[in-house]
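[1] Sequence below, structure please.
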Amino acid sequence: MTTEQTAEAFNPEVLETMTQELFDNKSTIAALRGMGEDELEAIYTLGFNAYSQGKYHDAAQTFSMLSVYNHLEPKYHKGLGACCQMLQMFPEAIQSYGAALTLAPLDADPKLHIAECLIAIGEIDDAKEMLAYVLEEVEDIGESPVRDRANVLLDALEGI
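    This next block holds a predicted model:
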């Protein structure tokens, strides 16, 4: 960032204008900075590739940046949640999956992953409740790996 860009970024008038734009028009920082969907998708691919290679910390940094630049895209929050989960940062993973769930409430994946994180931190009753929600949502779907995983987890928790 140049000195001029830094000064502009911390100019109270510029910050106020950007904040108004973000909240009033439901814009994103990426849009305000002129970043197109193609650029964001290219960055997402870098994060996805890092995650696929087991470089969870690197991928988390990428998904974190994407989540800030476009806070309205659920897959960026899901990517960050997956990285946090793999890094055993379960509260952070739950928070990221929760953001994805807020943006896409009909997506059962974040609920399933939240349940996995709840199990990892010993919140078994909450995990069972979340798994019940998952099963409720996917009951009308044919073959479903989400339903299968939720059933396996719920069965494993039965005696607990």
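
[2] Quick check: Q88 touching A120?
    Yes. Assessed by C-beta atoms under 8 Å, Q88 is found in contact with A120 at 7.3 Å. Bear in mind the C-beta positions are built from the backbone N, C-alpha and C, glycine included.

[3] Who are the packing partners of the helix or strand hosting R149?
    Assessed by DSSP states H and E, R149 sits inside helix 145-157. Helices and strands touching helix 145-157, as assessed by 3 or more C-beta pairs under 8 Å, 6 or more residues apart in numbering; DSSP states H and E, comprise helix 108-120, helix 124-138.

[4] Would you mind finding the most buried of the ones you listed?
    The highest mean neighbour count among the helices and strands packed on helix 145-157, using mean count of other C-beta atoms under 10 Å, belongs to helix 108-120: a mean of 23.

[5] How far away from the center of its chain is that one?
    Distance, stretch centre to chain centre, for helix 108-120: 12 Å (C-alpha atoms, centre = their mean, to the nearest Å).

[6] now do stretch 125-139
    Relative to the chain's own centre, stretch 125-139 is displaced by 19 Å; criterion: C-alpha atoms, centre = their mean.

[7] same thing with stretch 91-108?
    On C-alpha atoms, centre = their mean, the centre of stretch 91-108 falls 6 Å from that of its chain.

[8] Report the buried residues of that stretch.
    Burial within stretch 91-108, assessed by neighbour count using 16 or more other C-beta atoms under 10 Å, is assigned to 92-97, 99-101, 103-104, 107-108.

[9] Which residues does it contact?
    With C-beta atoms under 8 Å, 6 or more residues apart in numbering as the test, stretch 91-108 has contacts from 67, 71-75, 77-78, 80-82, 84-85, 110-111, 113-114, 117-118, 121, 134, 137-138, 146.

[10] Need the mean per-residue confidence for it.
    Mean pLDDT, stretch 91-108: 95.

[11] And for stretch 152-160?
    pLDDT averaged over stretch 152-160 gives 91.

[12] And that stretch, how far out from the chain middle?
    The chain centroid and the centroid of stretch 152-160 are separated by 26 Å under C-alpha atoms, centre = their mean.

[13] cool, stretch 124-142 as well?
    For stretch 124-142, the separation from the chain centroid amounts to 19 Å (computed by C-alpha atoms, centre = their mean).

[14] now the helices and strands packed on helix 145-157 in CSV, with distance to T28?
    Below are the helices and strands packed on helix 145-157 laid out as CSV (distance: least, C-beta to C-beta, whole Å):
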stretch, distance to T28
helix 108-120, 20
helix 124-138, 28
